[in-house]
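Participant: Can you look at this prediction? I've put the sequence above it.
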Amino acid sequence: MSGDYFISILKPMFEGAQTTILLFLIAIVVSIPLGFLLTLAVKSRFRPISWIAQVYIYVMRGTPLLLQLLVITFGLPMIPVIGEYLILDRFVAACLGFILNYAAYFAEIFRGGLLAIDKGQYEAAKVLGFNKWQTTMKIILPQMFRIALPSVANESVTLVKDTALLYAVAVPELLHFAQTAVNRDFTIMPFFVAGVIYLLMTMVLTFVFKWLEKRFKFE
């Protein structure tokens, strides 16, 4: 394989990687806050809200992400009467699918973080004169974040790899261009190049979360 060949396949694959990174950033920025809101909904004393949130999390975690992407991209437009209003751009549909799916996973991570906090923390805060808002913002949430951070990091790495599912809904991302090169040139090398690019992205993400863990560990 010549250097010119690698250059020729790297350019479109880097363009695909930009789509991968963009999807990741949109999904992570929106799904984490949404996941936290779902956690609060599950813990709500208003039963209908708690029940709806629990059913939502169960459905999103219990069905494949690929199926959810296919339903949002191709299934919603087939709904009678309102289907024509539910036709979404492929990339927008993919973003929506990833956000809805990963919000459910982050909700469970945050719920686990809250459950890991000793109940004595609440009692101690009450003795010290903290109100419920102060207890939540200054004591509970910082601890929950530290506890949940490793799991959030792991789920974020999984999100990077899951972006390859864009290929199934015809969004041209990294794997799409790798597959195109393989079919065109009859060589498996583009798959290895794609694998290296995925590894580089996950490596950078891992370093970022390791830095965050060290920073918040001692604060």
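Facilitator: Everything's here; your move. Residues are numbered from 1 along each chain as shown.

Participant: what about the longest helix in the chain?
Facilitator: helix 3-42 (DSSP state H).

Participant: Now do that one: distance to the chain's middle.
Facilitator: 9 Å (C-alpha atoms, centre = their mean, to the nearest Å).

Participant: again with stretch 122-134
Facilitator: Taking mean C-alpha positions (C-alpha atoms, centre = their mean), stretch 122-134 and its chain are 33 Å apart.

Participant: ok, now stretch 210-219?
Facilitator: 21 Å.

Participant: on that earlier part again, now for the longest helix of the chain, which elements pack on it?
Facilitator: helix 47-62, helix 90-115, helix 141-162, helix 174-185, helix 189-217 (3 or more C-beta pairs under 8 Å, 6 or more residues apart in numbering; DSSP states H and E). For glycine as for every other residue, the C-beta is placed from the backbone atoms N, C-alpha and C.

Participant: Need the winner for burial among these.
Facilitator: helix 90-115 (a mean of 20; mean count of other C-beta atoms under 10 Å).

Participant: Name the next helix or strand downstream of that helix, please.
Facilitator: helix 120-127 (DSSP states H and E).

Participant: Give the buried residues for the very next helix or strand once past that next one.
Facilitator: Next along the chain after helix 120-127, taking DSSP H and E as the criterion, comes helix 132-135. Judged by neighbour count using 16 or more other C-beta atoms under 10 Å, the buried positions of helix 132-135 are residue 135.

Participant: Contacts for helix 132-135 next, please.
Facilitator: Helix 132-135 has contacts (C-beta atoms under 8 Å, 6 or more residues apart in numbering) with 122, 125-126.
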